[in-house]
Structure formats: structure tokens, C-alpha cells
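>>> Sequence unavailable; structure follows:
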């Protein structure tokens with residue numbers, strides 16, 4: 001058992017090292033002086049004059065910090081897969097939320113039950129910086145503004161909902177994984193295509209968050225799909241990233 005664990009740990013460290021070598025380490029300073037650490041992956045064979053989609057990836061609460069490394073733990077590797085890099089060349093932004101912040105909210109919500117999530121609030125300070133960072137890339141001529149995507153897991157899933165609600169004109173598609181949001185807010189995001197993932201045995205962010213989000217988006221007339229994994233706990237990002245056609249679906253989306 002100890003040998004298996006050691007081998008698994010070695011594999012994780014190898015993959016993490018591989019990701020860190022390929023994602024450029026960056027620091028963004030907002031117009032109001034706040035800094036935001038992030039990693040950037042560029043298209044492998046970037047061609048002058050070509051346009052590429054952009055993926056904004058939001059990590060979970062466990063990857064917060066200031067090392068500009070932990071946010072690569074989950075999800076970063078799938079964009080480094082040689083087949084994916086060749087088939088889906090893209091810019092990938094993976095920012096890191098500071099340890100004392102919480103993506104979409106000024107602090108951790110007291111309850112993750114959807115009907116008890118915040119309804120009206122100003123944009124969080126960290127999301128102000130994140131939006132400025134995103135805008136700086138949207139201004140680049142090589143970015144295809146009709147193919148801007150956002151993916152997030154857990155705390156990042158909540159952030160994915162929040163970003164799509166606040167800036168629906170920006171995103172062609174959103175993939176919130178094991179996230180939650182007050183369903184009344186989602187009518188504003190009906191123009192964004194959603195693919196929602198959750199495990200029905202999640203005891204951290206309960207599955208009602210995704211079920212109610214799906215119903216609210218459907219009622220608003222949104223293009224939305226919901227995939228639920230029976231018996232899966234909070235780490236539903238693992239089966240989500242391996243779900244058949246995950247990348248095909250994402251990169252086929254364009255703004256309506």
C-alpha cells in the first residue's frame with residue numbers, strides 16, 4: 001500500500017512539475033493597485049494573424065494562496081495533453097485566489113444551499129482585478145472574442161456562475177463543476193451556454209446547487225445541460241474532466 005501511495009505521489013509531482021514548466025508565471029496589477037497571480041498557457045504553434053479561443057479557469061478553495069502554483073493542481077493538465085494542444089489551440093488563464101479571499105464573494109458564504117446564497121452584492125475586490133486581467137487579454141488581436149469560455153470547480157464553480165451573470169456578453173460557454181448560486185440571479189446569464197457537473201453524494205457543496213441552477217436556467221430559456229454523477233462526492237471534477245466530449249463541447253461553442 002505504501003509503494004502504491006508513493007508511486008501516486010510521484011505521478012502527481014511529475015504532472016505538477018510538467019504543468020509548471022508549460023504555464024508561464026505571471027503577475028497582474030490592477031488599476032487600483034491590487035495584484036493577482038496567474039498562469040498563462042499559449043497556443044503551442046501560435047500563428048501570426050490567427051485568432052484563438054480563451055479559457056478562464058477558476059480553481060477551488062483548497063488551491064488558494066500566493067505561490068502561483070497550487071491553482072494548477074486540478075484541470076491544468078488536460079490543456080497540456082498533446083492531442084488537446086494540437087486539436088484545441090487556445091489561451092488558458094489560471095489565476096490564483098489569495099488565501100484570505102473567496103472568488104465571487106467578499107467572504108465564504110455562511111451556507112451553500114442555493115436559496116441561502118447571496119442575491120445582491122457588489123463585485124468582490126478579487127473579481128474586479130480578475131475582470132481587468134481578462135479585459136487585457138480580450139484587447140489582444142489574436143483572441144477570438146466569440147469564443148471566450150469559463151470553467152470553475154467548487155469555489156471556482158460559484159465564481160463561474162457569478163462571472164457569467166455579471167458579464168454574459170463576454171462568455172460563449174460556462175462549465176460550473178460542483179458549484180452553487182442563488183437561482184434567482186441566473187436569468188441574467190441566459191445568453192451563455194452552460195454545461196453543469198455535480199456528484200450526487202457531495203457533502204461539501206450539496207447537489208441541490210446544480211439541480212436548482214439547471215432548472216432556473218432552463219426556465220429562463222438558456223441552452224443548458226446537466227450531468228450528475230451517482231455516488232460521486234465533492235471531487236466531481238475528476239469524472240467531469242474525463243467526461244466524453246468535454247473538450248469537443250467546450251471548443252465548439254460560439255457566442256450567439
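Thanks, I have the structure now. The structure displayed is predicted, hence computed values, not measured ones.
>>> my guess is residue 72 meets residue 23, correct?
Yes - judged on Cβ atoms under 8 Å, residue 72 makes contact with residue 23 at a distance of 6.3 Å. No exception for glycine: its C-beta is placed from N, CA and C like everyone else's.
>>> other SSEs contacting the stretch of helix or strand residue 57 belongs to?
Residue 57 belongs to strand 52-58 when elements are defined using DSSP states H and E. If contacts are counted by 3 or more Cβ pairs under 8 Å, 6 or more residues apart in numbering; DSSP states H and E, strand 52-58 sits against strand 91-95, helix 125-138, strand 143-153, helix 155-166.
>>> Look at the closest residue to residue 38 other than its chain neighbours and say how many residues are nearby.
Counting by Cβ to Cβ, 6 or more residues apart in numbering, residue 95 is the residue found nearest to residue 38 once chain neighbours are left out, at 3.9 Å. Using other Cβ atoms under 10 Å, residue 95 has 25 neighbouring residues.
>>> Now do the helices in this protein.
2-22, 82-87, 125-138, 155-166, 208-219, 237-241, 246-251 (DSSP state H).
>>> Contacts for the shortest one, please.
Right, the one you point to is helix 237-241. 74-75, 78, 153-154, 175, 177-178, 197, 199, 227, 229, 232, 246 (Cβ atoms under 8 Å, 6 or more residues apart in numbering).
>>> let's go with 10 Å and repeat that
Residues from elsewhere that reach helix 237-241 (Cβ atoms under 10 Å, 6 or more residues apart in numbering): 59-60, 74-75, 77-78, 151-154, 156-157, 175-178, 195-199, 227, 229, 232, 246-247.
>>> Same question for stretch 109-117: list its buried residues.
109, 112, 114, 117 (16 or more other Cβ atoms under 10 Å).
>>> between residue 72 and residue 23, what contacts are shared?
By Cβ under 10 Å, 6+ apart, the residues touching both residue 72 and residue 23 are 39, 41, 80, 94.
>>> out of the residues you listed, which is most surrounded?
residue 94 (26 neighbours).
>>> Okay then, goodbye and thanks.
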